[in-house]
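Asker: dropping the sequence and predicted coords here.
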Amino acid sequence: MIRWIGRAFLLAALTGLVLTEDDPNYEVHFDGMEMIDGSDSYFNYNYTMDKKSETAFTVSGFITQLVLLDNTYKARFRLSRAPLDNPELYEEMLGLEKPLCEYMSSIYKMYFYETLKDISNFPHYDKCPLDPAEYWFKDYSFDADEYKAFMRDGHYKIEMYLVKGEDSVAGGLSKMRVEPVEGRK
Ligand SMILES: *[C@@H]1O[C@H](CO)[C@@H](O)[C@H](O)[C@H]1NC(C)=O
């Protein structure tokens, strides 16, 4: 989930959806993460986070995939933003939905695989369908500072779901807040 946050900003920046500022001085606050009901019949997971600085941390963990995932599933990704003073007013900035195997060979290949291959046993992008498996990842590092130049203040919501038919059956969302540093703007 943490990785998705980083990639979300990168994707948004690359597609020109985030306004850039000349001298951004933003702080990033994580406002939590939640999994949707039913996720635990697809995945079990645990993780530990190590804080390295105000904006940087590393995360390590395990994910057990409990069921066979084939191309009848879709992967859905959504990044939304709401103004700081109106946290309920989310607007979608980026939405992607693809059958699982196509997702693996495009989005996953382009944005996730390279950073993961040496620090995890996550599957190769050509592998699909995915048999039940135990995955681990170790010391994935994230530093919000790297994305500062692309940021715009607001509430952000990042959603990542596994979809069967029209329903999201597993996955979750995380929220973060990007605020100007007080006193400077
Ligand atoms: C996390 O899950 C893995 C794999 O299921 C297990 O071996 C490990 O003991 C778990 N760690 C914690 C802290 O629960």
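Answerer: Structure received.
Asker: helix, strand or coil for residue 109?
Answerer: Per DSSP: H, G, I helix; E, B strand; the rest coil, the local secondary structure of residue 109 is helix.
Asker: what sits against the nearest residue to it once chain neighbours are set aside?
Answerer: Nearest residue to residue 109 in three dimensions, chain neighbours excluded: residue 125, at 3.8 Å (Cβ to Cβ, 6 or more residues apart in numbering). (Glycine included, C-beta is placed from N, CA and C.) Contacts for residue 125 (Cβ atoms under 8 Å, 6 or more residues apart in numbering) come out as 104-105, 108-109, 113.
Asker: taking the residues you listed, please make a PyMOL selection of just the buried ones.
Answerer: Listed next is the PyMOL selection for buried residues among those, using 16 or more other Cβ atoms under 10 Å:
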select buried, resi 104+105+108+113
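Asker: lowest average confidence across helices and strands of the protein, where is it?
Answerer: Among the helices and strands of the chain, helix 2-14 carries the lowest confidence by mean pLDDT, DSSP states H and E, at a mean of 53.
Asker: just checking, next helix/strand downstream of that helix?
Answerer: Where DSSP states H and E defines the elements, the next helix or strand beyond helix 2-14 is strand 26-35.
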